[in-house]
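[1] Build me a model from this:
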Amino acid sequence: MVDAAKPRIIIVGAGIFGLSTAYYLAEDGYNDITIFDQHAYDSDEGYKLNPGSTAASVDENKVFRASYGDELYYQRLAYEAREIWKEWNKELGAGKELFVESGMLRVQHSTYLDDLELQTLANMTKEGLRDTQYIVSDEEDVRRAEKNGWAHKLLKFPVPGTDGKETFEAVLDTTAGYVFPSKACAYIAGKLRKSGTQFVEGPEKGVFASLLVEGSDDSKRAIGIVTKDGKEHSADLVIMACGSATPMLVPEVSRVLEATAGSVITIRLPPREEAPELWDKYSSEITPVIIGHDPDPTGKTVGSRSIYSFPRTEDGLVKIGYRVTKYTNFVKLPGFEEPLSVPLRPEVDDTSLPITSIEGIKTYVSTFHPDLAALPIARTRLCFYTDSVDNSFLIDYLPGYSDTLFVCTGGSGHGAKFTPILGKHVRDVIQKKPKTELTHHWRWRPELPLGNGLEEGPAGPRTLDKQKRATPEDLKRAGW
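    Purely as a prediction, here's the structure:
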């Protein structure tokens, strides 16, 4: 029975932001929720990674970390989420976990701790968590690691050009690891379906075409949406949780959000019986997540700690992600004065990786995983995220729609870890509870100066049309 006291809600987007929001609204008694998505996630494949999906939420694994420098509010949110990840693990049972506590090694740019790391350790100490962090070069930390069973993950990597005499400083975070976003989305969606939340999915009936709006520009209201099949769907509140497609669907946010692509390759290990030592080494019991960088062969480093690798999957795949350069894809769309960066469509557009990414990943592999350098690439992917001007999420009512249009996006490459708790705080914003430090950072904030690359626009150096793209032959010539 629908509760007339609760608003009818439409959520556009069945990814992490949309599902987590629906989960907590349903928990609070909202029982007229309909989620729309262009992908048929109710099919046999569900949220499994597939070539046709453009969603960043649909992925094999993503990093879980609570290391945020001086951004203590995100550190606390990560640990809040971590407790629920662990609860979900218990509920699902052994072998079905959604969160793997493999630990994460934060490799520095040089032989000392940089400012970001010092800020992170200071906040960990402030919160009483310093004992979960192990500095590779710290003798006391090494002794603690040996005592607590973490010493085998205190990996040391030679600085190129030093003949092995120097190693990169690193910090092992034993509270970190990785999560399975596709499985988590399927898990939440299953709970929502059982609780009565409606899903409308597919390439016609699930595709957002336009808002239904009534009233003038000075006093307008969103009263629902129109889908690609021409059907109208009414609602009291429309929540746009569309990931990297949000700027093209909600023009008002295109100034403060931008679709950008990270580069991902997946390396396949030989069959277990042929290389048991590699299967053992790259298991989550032995190998942590590694957050590294793009080291130059001369010993200098370029970029930030924006290349990362995971332990192998159950079927022997090792994923490596590259976010040193976040590529843009500008096109001219009807109704927009300026070109807009939009996600490429797998199996429709050219989604091959830039050569720059391949070269950066290859250098990373030769430094941190040299025994993978000669192994074949199983697949590549341009994974589109939604970057905000300051890397904080955008979760707020959109001005001008009388509190009937809500935006919930801006993951900026670090949203997946918050899946279990994000919707709780989104619900607080929807219900207009007093702003916290966290939700203050998520507010509608067009007053911020353009940054994080959004100031570059289509003339910037990161656009995909300016990149040389890697063909299969290029990969082979690169040793892959």
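[2] Nearest residue to the middle of the protein?
    The chain has G413 as the residue nearest its centroid, 3.9 Å off, counting by Cα atoms, centre = their mean.
[3] hang on, S53 in a helix?
    No - assessed by DSSP: H, G, I helix; E, B strand; the rest coil, S53 does not belong to a helix; its assignment is coil.
[4] hang on, the residue nearest to the centre of the chain in a helix?
    No - with three-state DSSP as the criterion, G413 is coil rather than part of a helix.
[5] State the pLDDT value of it.
    In this prediction, G413 carries a pLDDT score of 94.
[6] can you pull the contacts of it?
    G262, R323, K326, Y385, D387, N391 (Cβ atoms under 8 Å, 6 or more residues apart in numbering). To be clear about C-beta, it is placed using only N, CA and C from the backbone, and glycine gets the same treatment.
[7] List the buried residues in stretch 160-175.
    By 16 or more other Cβ atoms under 10 Å, the buried positions in stretch 160-175 come out as P160, T167, F168, E169, A170, V171, L172, D173, T174, T175.
[8] of those, closest to Q119?
    V171 (12.1 Å; Cβ to Cβ).
[9] And that closest one, how close does it get to D114?
    Computed as Cβ to Cβ, to the nearest Å, the V171 to D114 distance reads 11 Å.
[10] what residues are shared contacts of the two?
    Taking Cβ under 8 Å, 6+ apart as the criterion, V171 and D114 both touch Q108.
[11] what mean pLDDT would you report for the helix ranked longest in the chain?
    Ranked by number of residues, the top helix in the chain under DSSP state H is helix 72-92. Here helix 72-92 scores 98 as its mean pLDDT.
[12] Repeat that for stretch 127-137.
    Averaged across stretch 127-137, pLDDT comes to 98.
[13] before we move on, back to that, now, the buried residues of stretch 160-175 that are in strands?
    Among the buried residues of stretch 160-175, the ones falling in strands (DSSP state E) are A170, V171, L172, D173.
[14] so where does V238 fall, helix or strand?
    Using DSSP states H and E, V238 falls within strand 237-240.
[15] From the contact counts, what lies against that strand?
    Contact analysis of strand 237-240 by 3 or more Cβ pairs under 8 Å, 6 or more residues apart in numbering; DSSP states H and E lists strand 9-12, strand 219-227, strand 405-409 as its packing neighbours.
[16] Just give me how far it sits from the chain centre.
    The chain centre lies 22 Å from the centre of strand 237-240; the measure is Cα atoms, centre = their mean, to the nearest Å.
[17] what sits up against the following helix or strand past it?
    Counting by DSSP H and E, the element after strand 237-240 in chain order, helix or strand, is helix 246-249. Applying Cβ under 8 Å, 6+ apart, the set of residues contacting helix 246-249 from outside is 12, 208, 240, 242, 253-254, 257-259, 333, 336, 340-342, 386, 407, 409-410.
[18] what mean pLDDT does helix 246-249 have?
    Mean predicted confidence for helix 246-249 is 97.
[19] Pull the number of nearby residues for the residue nearest to E232 when sequence neighbours are not counted.
    Leaving aside its chain neighbours, E232 sits nearest to V226 (5.4 Å; criterion: Cβ to Cβ, 6 or more residues apart in numbering). By other Cβ atoms under 10 Å, the residues close to V226 number 15.
[20] which residues does V226 contact?
    If a contact means Cβ under 8 Å, 6+ apart, then V226 has A209, S210, L211, L212, E232, H233 as its contacts.
[21] For P271, see how far away it is.
    Separation of V226 from P271 (Cβ to Cβ) stands at 51 Å.
[22] for G316, same thing?
    As judged by Cβ to Cβ, G316 and P271 stand 8 Å apart.
[23] Please apply the same query to E232.
    For E232 relative to P271 (Cβ to Cβ), the value is 54 Å.
[24] next one: N123
    From N123 across to P271, the span is 44 Å (Cβ to Cβ).
[25] before we move on, what about A459?
    In terms of Cβ to Cβ, A459 sits 48 Å off from P271.
[26] moving C-terminal of the helix or strand hosting S357, what's the next helix or strand?
    Assigned by DSSP H and E, S357 belongs to helix 355-368. Toward the C-terminal end, the helix or strand that comes next after helix 355-368 (DSSP H and E) is strand 377-388.
[27] mind listing what that following strand pairs with, with the direction of each?
    The strands beside strand 377-388 in its sheet (DSSP bridges) come out as strand 257-268 (antiparallel).
[28] Bridged to L105, which residues?
    L172, I290.
[29] Show the contacting residues for I265.
    With contacts defined as Cβ under 8 Å, 6+ apart, I265 is in contact with K319, I320, Y322, L353, I358, I361, I377, R379, T380, R381, W480.
[30] what's the spacing between it and V289?
    Using Cβ to Cβ, one obtains 16 Å as the distance from I265 to V289.
[31] again, but for K332
    Computed with Cβ to Cβ, the distance linking K332 and V289 is 39 Å.
[32] When those two are compared, which one has more neighbours?
    Between K332 and V289, V289 has the larger neighbour count (other Cβ under 10 Å), namely 25 against 10.
[33] quick one: R82 and F99 touch, right?
    Yes - using Cβ atoms under 8 Å, R82 makes contact with F99 at a distance of 7.4 Å.
[34] Does D387 touch L454 like I think?
    Yes - using Cβ under 8 Å, D387 is in contact with L454, at 7.2 Å.
[35] Where in this protein is the helix or strand with the lowest mean pLDDT?
    Within the chain, no helix or strand scores below strand 301-309, which has a mean of 70 by mean pLDDT, DSSP states H and E.
[36] got the contacts of G413 as TSV, with distance to S182 and pLDDT columns?
    As requested, the contacts of G413 are exported to TSV (distance: Cβ to Cβ, whole Å; pLDDT from 0 to 100):
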residue	distance to S182	pLDDT
G262	17	94
R323	20	93
K326	22	95
Y385	16	94
D387	22	96
N391	24	96
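[37] ok, back up a step: mark which of the contacts of V226 are part of helices, please.
    Using DSSP H, none of the contacts of V226 sit in helices.
[38] Name the nearest of the residues you listed relative to A66.
    Among the contacts of V226, and counting by Cβ to Cβ, the member closest to A66 is L211, at 37.1 Å.
[39] need the contact list for C185.
    Counting by Cβ under 8 Å, 6+ apart, C185 makes contact with A14, G15, I16, L19, Y41, Y47, S57, V58, T419.
[40] Give me the phi and psi angles of the nearest residue to it once chain neighbours are set aside.
    Nearest non-adjacent residue to C185, counting by Cβ to Cβ, 6+ apart: Y47, 4.4 Å away. When read as degrees, to the nearest 10, the backbone of Y47 gives phi -90, psi 10.
[41] Just give me the neighbour total for P370.
    Counted by other Cβ under 10 Å, the residues lying close to P370 total 10.
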